[in-house]
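S.K.: sequence first, then the predicted structure, then my questions.
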Amino acid sequence: MGDDRDVSTAKEAAAFFRSEPGFKRLFAEMKRKYESLGRVGGAVSLQSFSKEERESIAAFFGKDVSRVSLIAFEKQLGQTRFAGVGLVELLEQYFGAPLVSNKERRQAEEEERDRFFARLTEEHHWVESVRPQRFVQTAYEADRRSLEEAIRLVGAALGYFPLPSYMRLPLFAQQVAGDPHAFDLSTLPGRLLLSALQATVPGDWDMASVESVNELLQSVGLLREDILNFVTCANILAETKDGPHPVFSAAWETNTALNMPLRDVLSLVSVRPAHGGTVYIVENAGVFSTLLDTRAPLVSTNGQMNLATMKLLDLLAASGAKLYYSGDFDPEGLAMAERLQERYGQAVTLWRFSVEDYRAANPVVDLTPERLAKLASITSEPLQPLKEAMAETKKAGYQEAIIGRLTEGING
């Protein structure tokens, strides 16, 4: 019976203070203070309160006050007909919900988060690897139901891998999800799919690199783009499982440049230089076009190492061809040289890519601090002299300026 009377008194007290508009703001501030501290303590300043609010509070205390201590409020409450009602009980009756400190709330939320991911990890082991990623945590906080649906969709997709034959990503998405854009890499399922593959497919995958992302997808049979992703080459011969590729052969006979789509590169089983044992790799289409007159085996990266280019170079390296690389004298050119060295090792030779060649290119284009900072990631020993010279001059030079040296290097 005593507990019932206490609850009844607390309800009566809450009703009383609700009927007094002057206390609404004070109660909200006391609730916030309790949530912050996790106990009855601290004080609320009345400096920004209205005159009417301060008068209601002064009437309660029997004197003017500039700040209200929560302990003092509870003590004063004991001097009224509501004696025996604690401040926590009063606030809970006033707001109609239990008081929970911020610490308790965060702990409860974290426990709920752990339960959510533990449940999904039991079904999909890769979830444990992707959980720490920021976009996953953001998705959980925004809409955990949508996140769970995306995880289940990706789980279903992983069951198809590796695909028996190459399939374009939109067609795969249509087959799995009924939506060709379901796994677009800008969507939550698309980003989850990449992260899940990164966690489950052996290899060192860099999700900031377009080439690495495309290669990761290709490793399980998915093609993100196989027509506009092409390699520019000339004087290269290739074979499919049915024999010599007629387009490569005809291009060699007529000294014609090819823009070969990834779709067709993936059908090749071997590739070799049309003559000699060396392929010259350049960065710029203009330089490539000029060097065509030498009839040398050529590949142009067109400023970036896309998947089609890497797959053709893979086949060339496998044939025993020597890969001679010359790029622009800038941080991006050095980075491309280092990627080629890492991928093809001793098959790669730096060609007309020395400090002397850099100076001969008459570097005059200023490198911004942001571009110069990229030099810090270059660790290849053979590239260090060029890296240091570039860091000292803070200038970029370009292949076009040493086209004579490149032609001479080919013609001997």
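M.R.: The structure has been received and is ready for your questions. Numbering: from 1, shown residues only.
S.K.: ok, and the helix or strand in this protein with the lowest average confidence?
M.R.: helix 2-18 (a mean of 81; mean pLDDT, DSSP states H and E).
S.K.: which strands or helices does the helix or strand just after that one pack on?
M.R.: Counting by DSSP states H and E, the next helix or strand C-terminal to helix 2-18 is helix 24-37. Applying 3 or more CB pairs under 8 Å, 6 or more residues apart in numbering; DSSP states H and E, we find helix 24-37 packed against strand 43-45, helix 51-61, helix 70-77, helix 87-95, helix 102-123. For glycine as for every other residue, the C-beta is placed from the backbone atoms N, C-alpha and C.
S.K.: out of those, which is the most enclosed?
M.R.: Mean neighbour counts were compared across the helices and strands packed on helix 24-37 using mean count of other CB atoms under 10 Å; the top stretch is helix 87-95, at a mean of 19.
S.K.: quick one: contacts of that helix?
M.R.: For helix 87-95, the surrounding residues in contact (CB atoms under 8 Å, 6 or more residues apart in numbering) are 6, 10-11, 13-14, 17-18, 27, 30-31, 34, 40, 70, 73-74, 77, 82, 98-99.
S.K.: now the buried members of those residues.
M.R.: 10, 13-14, 17, 27, 30-31, 34, 40, 70, 73-74, 77, 82, 99 (16 or more other CB atoms under 10 Å).
S.K.: nearest to T121, of these?
M.R.: L99 (33.5 Å; CB to CB).
S.K.: correct me if wrong: E211 contacts M305.
M.R.: Yes - using CB atoms under 8 Å, E211 is in contact with M305, at 5.2 Å.
S.K.: looking at these two, which has the bigger crowd around it?
M.R.: M305 (22 against 17; other CB atoms under 10 Å).
S.K.: distance of the more buried one from P382?
M.R.: Distance of M305 to P382, given as CB to CB, to the nearest Å: 18 Å.
S.K.: swap in I71?
M.R.: I71 is 73 Å from P382, by CB to CB.
S.K.: ok, I410 next?
M.R.: Counting by CB to CB - I410 and P382 are separated by 21 Å.
S.K.: what about these two, which has more around it?
M.R.: I410 (19 against 14).
S.K.: now for the more buried one: which residues touch it?
M.R.: Y280, L291, T294, A296.
S.K.: just those residues: which are in helices?
M.R.: Judged by DSSP state H, the subset of the contacts of I410 located in helices is L291.
S.K.: hey, where'd the helices end up in the stretch 101-250 of the chain?
M.R.: In the stretch 101-250 of the chain, the helices defined using DSSP state H, counting those that start in this stretch lie at 102-123, 127-130, 134-158, 169-177, 188-200, 210-219, 246-254.
S.K.: can I see the domain layout of this protein?
M.R.: Following automatic domain parsing, the chain resolves into domains at 2-99, 103-223, 230-411.
S.K.: strands along the stretch 201-350 of the chain, start to end?
M.R.: 222-223, 230-234, 236-240, 243-244, 258-261, 268-273, 278-282, 298-300, 322-326, 348-350 (DSSP state E, counting those that start in this stretch).
S.K.: give me the angle between the second one and helix 246-254.
M.R.: Strand 230-234 and helix 246-254 are oriented at 40 degrees to each other (axes from the mean of the first three to the mean of the last three CA atoms, to 10 degrees).
S.K.: neighbouring contacts of strand 230-234?
M.R.: 251, 255-262, 265, 285, 288, 292, 297-300, 302, 306, 308-309, 311-312.
S.K.: now restrict those to buried residues only.
M.R.: 251, 258, 260-262, 265, 288, 297-300, 302, 306, 308-309, 311-312.
S.K.: quick one on the thing from earlier: arrange the contacts of I410 in TSV, one row each, with distance to A199 and neighbour count as further columns.
M.R.: TSV is the format used below for the contacts of I410 (distance: CB to CB, whole Å; neighbours: other CB atoms under 10 Å):
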residue	distance to A199	neighbour count
Y280	39	26
L291	43	22
T294	47	18
A296	43	22
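S.K.: what is the nearest of the contacts of I410 to R105?
M.R.: Nearest to R105 among the contacts of I410, with distances taken as CB to CB, is Y280, at 64.6 Å.
S.K.: now do the contacts for the closest one.
M.R.: Y280 sits in contact with L291, A296, P297, L298, V299, Y324, S326, W351, L406, I410, where contact means CB under 8 Å, 6+ apart.
S.K.: tell me the pLDDT of the fourth one.
M.R.: The per-residue pLDDT reported for L298 equals 98.
S.K.: and if you look at E211?
M.R.: 86.
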